[in-house]
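[1] Sequence and predicted structure below; questions after.
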Amino acid sequence: MSTAPFLAPFLKPTPRNLETLPVAWARMTELGYSPRSTPVPEPEGCTRTRCAGAHHGYPGSEHRWALVDELCGQEFTAYYSHMRDRKGANPAPPRRHKGCPYSGAANAAKRAARYAEIGRPVPAWDTDALTATQTA
């Protein structure tokens, strides 16, 4: 699903938010996620401080983003801050959402095949799936 990047309704179009939007959107796409096709209702009174709701459109890093996993079709919520690259001495690779049948090293070939099926390249960080495509 290809959608133009958009902010959650409550998130103001500040220079910082507009700068982060395409980066966050690219990361969401790289992971094989897309925004839910039907908007989730915005939590009443949600502001820049944390709230319990999930949001349609890029909500900033401290709010949950309502997404669909294009590999398995499951709707879920995630914080963008949990999808960003992890840096430091022991960087952790991104991981799929909890319960995803394509998650983990044991499902690397299945995951690589699914990326191909939906017309997405295997992300460079997914070394297990990349290896599976080279040995197939």
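    That came through, no problem. Residues are numbered from 1 along each chain as shown.

[2] Run through the residues that contact the residue nearest to the spatial centre of the chain.
    For the chain, the residue whose C-alpha lies nearest the mean C-alpha position (CA atoms, centre = their mean) is residue 28; its distance is 3.3 Å. For residue 28, the contacting residues are 34-35, 65, 67, 80, 83, by CB atoms under 8 Å, 6 or more residues apart in numbering. No exception for glycine: its C-beta is placed from N, CA and C like everyone else's.

[3] Give me the pLDDT value at it.
    The model reports residue 28 with a pLDDT of 89.

[4] heads up, I number from 23, so please use that
    That works, and once the first residue is 23, the last one we named lands at residue 50.

[5] Let me see the backbone angles for it.
    Dihedral pair for residue 50: phi -60, psi -50, per degrees, to the nearest 10.

[6] what's the answer for the one 10 residues further on, then?
    Main-chain torsions, residue 60, degrees, to the nearest 10: phi -110, psi 130.

[7] What of residue 100?
    Dihedral angles for residue 100 - degrees, to the nearest 10 - are phi -150, psi 150.

[8] correct me, but it touches residue 85?
    No. Applying CB atoms under 8 Å, one finds residue 100 not in contact with residue 85, separated by 10.3 Å.

[9] would you list every one of the helices in the protein?
    Using DSSP state H, the helices found in the chain span residues 37-52, 130-139, 149-157.

[10] Which positions in the first one come out as buried?
    Going by neighbour count (16 or more other CB atoms under 10 Å), the buried part of helix 37-52 is 39, 42-43, 46-47, 49-52.
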